[in-house]
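J.: Coordinates for the following, if possible.
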Amino acid sequence: MRIPFRRTSCIPFLLVATALAQNNEPAQPVAPAATPASVAPAASPATAPTSPSPGAETSAALDYLFNRKPQDGTAGQQALQASQRAEGKAIAEEAVGVPRQEDPQTRARFERYLGTPQVSQAELDEYFAKMKNVSTNLRDNKLFEAWKQLHELAEYTIIDAGISRELANRVESIWTTDQATASLDRENRELQDGIKTANRNADMMSEQVMRQQIEYQRRMNPAQRRQQQGQQPSNNVNNNNTPQAPTAPTGPPTIQGLEGKLQMTEEYLRSLELKAKIKLNEVKQERLLETAKSDFAEYVSTLFNSGRLNHVVLAADFYRKVFSEGEYPAEMGQQVNASLEINRDVQAAVEVFRYKAERNQLTGANDSLQQAFVTNELNPSILGLERPMKERVADFNQQLDQMRNLIEARDFGNLEILLEKIKLSATDFDTTKPMAMVNAVKLESKMRLGKAKLAAQQGDLKLAMEEFQAAAQAWPGNPDLEDKALTFFDTQDVKSQTLVEFDRLVEEENFRAIFDKQLAFAPALKDDPKRIESLKKALESIKNAELAAEKANVLMLNGDYFGAWETIELAAVNLPDDKKLNKLRADLSGRSAEFVAAINKARDAEGRNELGYSLTWYVNAQRQYPASQIANDGIDRLSKKLLGTAM
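T.: This is a model prediction of the structure:
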């Protein structure tokens, strides 16, 4: 953000520092009003830098990615090395031709399985004989005996792992549910008896009220009956025209009749209430039953997903007997059928493994065993596989891993020896691709050495060095490489010249030139520790400069020109005469003119010991770029000086 310049006095800073010193309290950092990410920089048209077009930025980025070689230590070099390692792994996998299990956890379990001893066949036969007895008892409706035998199966911890005991607990929990259902049945019977009693009482009360009504009608006199029916004479006079007092009618037994009707209604309501309770109990029973079925079916699904396929079949048989079901639920039936099919496939795969292992076809045998293990590692055929046969597969896989490592390390001499060894133990292993790779690399390395020799004879030292390096990368273990390289350097007799040039560049501190010629200097300096240290210093300096340049380029791509200039400025402290850094600093100074001017003025004022004026410019620079290391360090440094002066 552009800040208009105003001469600021250092008195407020001194007052603040003095107050903080008196209170012995640390100064709290003042948060900037806005960060560059939240406030867009404002610049006048006259001073704002012209932003490059999107097409130019894209072209520059593509040119950097595809047309420039990344320098050592840069992010581009690291990405290139990572890409080369990934490419090497892919080439090794393709050359080996035997796919490796992609899931690392499954691969680790399979490797651990190959090293474990087998379960004895006698123990397996005894276990599955008892499991068959459980199924027989269920078929004969001997549910309790089958349940007890589950606890016996759980004692075979290596095979069973306590799963049978958990299945027995599930069955026992269903029986507990049955007890709750039986308790609700008893309660419903008691409620039915209460309903019958209430109905009988209501009938008796209804009969009594009816008798009272009949008796009341019989006792009414005719006059009262007429009065009740509205047929009374119009005036109360007799035949002698003498007024006569009306006869008071005798009322019905209202209190007793009303009481009987209320009691009858109460009994009727009680009957309805008892019926509602019975219905609720029936709903509870249905809910308990459905929940028990659902939980047991979910447990069977858990067994299926965990690979306990024999227990899936056994648990499904318990489901039918415990719940008195003629058929499995649809999903459970599918799981039972799938379990049987998987067991059959695993047994067939193990048989194929045994057949191929006996014929020394370890490639196919390894594939069959891995397929069987991944399908169901708890199958008895897998558990009972003999340890010596598993060790042969383990040795074969170890050789394959060693082959991959040799290809990635480009150690083709030892790779050729290993291929001959594998061919003897695994007759079905195809060595076509790896041997073709060995022959191609050897040929390439020889051709590179020949081309380097021709280039050296023609005086093209640069091309010769590149070809030597390419030959070393193609086959580092080539026995002819060292001899040809020594012959090359002896023939040219450039060692002495190289040492003289190196010493001159070190004296001039021209580290950039040393970096550019490092391949020529390195062989000549290999027996000189002092010069090697100078070479390391030069390379480290240029490496740091290149890192700073890469960081500045990234910041420029993000529009952070202030940060890019400051990165180059800090790197130039150690390499003040480096042309690349100076060129970048000059380019960025124009794009960060205001910020650079503020930093320079602050430094000049600090050099003249005008601390307050310098602090003002550092603060001005910080406002423009809050993340500035130079500005923040200057503020901290001058604040401490001012604070010491005030005290």
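
J.: which residues touch Leu100?
T.: Rather than Leu, residue 100 is Arg. 93, 107, 400 (C-beta atoms under 8 Å, 6 or more residues apart in numbering). To be clear about C-beta, it is placed using only N, CA and C from the backbone, and glycine gets the same treatment.

J.: phi, psi of it?
T.: The phi/psi pair for Arg100 (degrees, to the nearest 10) reads phi -100, psi 150.

J.: any idea how far it is from Tyr613?
T.: Applying C-beta to C-beta, to the nearest Å, the value for Arg100 to Tyr613 is 69 Å.

J.: repeat for Glu351
T.: Counting by C-beta to C-beta, the gap from Glu351 to Tyr613 is 92 Å.

J.: Same drill for those two, tell me which one is more crowded.
T.: The neighbour comparison of Glu351 against Tyr613 (other C-beta atoms under 10 Å) goes to Tyr613, with 19 against 13.

J.: In terms of helices and strands, where is that one?
T.: According to DSSP states H and E, Tyr613 maps onto helix 611-624.

J.: Please apply the same query to Tyr328.
T.: Counting by DSSP H and E, no helix or strand carries Tyr328.

J.: That one contacts Arg320, doesn't it?
T.: Yes: counting by C-beta atoms under 8 Å, Tyr328 touches Arg320, with 6.8 Å between them.

J.: who's more crowded, these two?
T.: A count of neighbours by other C-beta under 10 Å puts Tyr328 above the other of Tyr328 and Arg320, at 18 against 14.

J.: Show the pLDDT at the more buried one.
T.: On pLDDT, Tyr328 comes in at 82.

J.: do Gln492 as well
T.: At Gln492, the model reports a pLDDT of 54.

J.: Kindly report the same for Ala646.
T.: What the model reports as pLDDT for Ala646 is 56.

J.: again, but for Ile514
T.: 77.

J.: Check which residues of the helix or strand where it lies are buried.
T.: In the assignment (DSSP H and E), Ile514 maps to helix 511-516. Of the residues in helix 511-516, 511-512, 514-515 count as buried by neighbour count, 16 or more other C-beta atoms under 10 Å.

J.: Ok, stretch 330-342 next?
T.: Within stretch 330-342, the residues that count as buried by 16+ other C-beta under 10 Å are 332, 335-336, 339, 342.

J.: Just the ones in helices from those residues, please.
T.: In this view, the buried residues of stretch 330-342 that belong to helices under DSSP state H are 332, 335-336, 339, 342.

J.: Looking at the buried residues of stretch 330-342, which two lie furthest apart in space?
T.: Met332 and Ile342 (15.4 Å; C-beta to C-beta).

J.: how much does the helix or strand hosting Leu638 deviate in direction from helix 611-624?
T.: Using DSSP H and E, Leu638 sits within helix 629-646. Angle of helix 629-646 versus helix 611-624, following axes from the mean of the first three to the mean of the last three C-alpha atoms, to 10 degrees, is 150 degrees.

J.: picking that back up, what mean pLDDT does the helix holding Tyr613 get?
T.: 84.

J.: Restrict that helix to CA atoms and write it as PDB.
T.: Provided in PDB are the C-alpha atoms of helix 611-624 (Å, rounded to 0.1, in the frame of the first residue of the first chain):
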ATOM      1  CA  LEU A 611      17.800   6.800  15.000                       C
ATOM      2  CA  GLY A 612      14.400   8.500  15.200                       C
ATOM      3  CA  TYR A 613      14.400   9.400  11.500                       C
ATOM      4  CA  SER A 614      15.600   5.900  10.600                       C
ATOM      5  CA  LEU A 615      12.900   4.300  12.700                       C
ATOM      6  CA  THR A 616      10.300   6.400  10.900                       C
ATOM      7  CA  TRP A 617      11.400   5.100   7.500                       C
ATOM      8  CA  TYR A 618      11.500   1.500   8.800                       C
ATOM      9  CA  VAL A 619       8.000   1.900  10.100                       C
ATOM     10  CA  ASN A 620       7.000   3.400   6.700                       C
ATOM     11  CA  ALA A 621       8.500   0.300   4.900                       C
ATOM     12  CA  GLN A 622       6.700  -2.000   7.300                       C
ATOM     13  CA  ARG A 623       3.400  -0.400   6.500                       C
ATOM     14  CA  GLN A 624       4.000  -1.000   2.900                       C
END
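
J.: Now do that helix: which elements does it pack against?
T.: Helices and strands touching helix 611-624, by 3 or more C-beta pairs under 8 Å, 6 or more residues apart in numbering; DSSP states H and E, are helix 11-23, helix 593-607, helix 629-646.

J.: one more time with 10 Å
T.: Under the contact criterion of 3 or more C-beta pairs under 10 Å, 6 or more residues apart in numbering; DSSP states H and E, helix 611-624 touches helix 11-23, helix 561-571, helix 593-607, helix 629-646.
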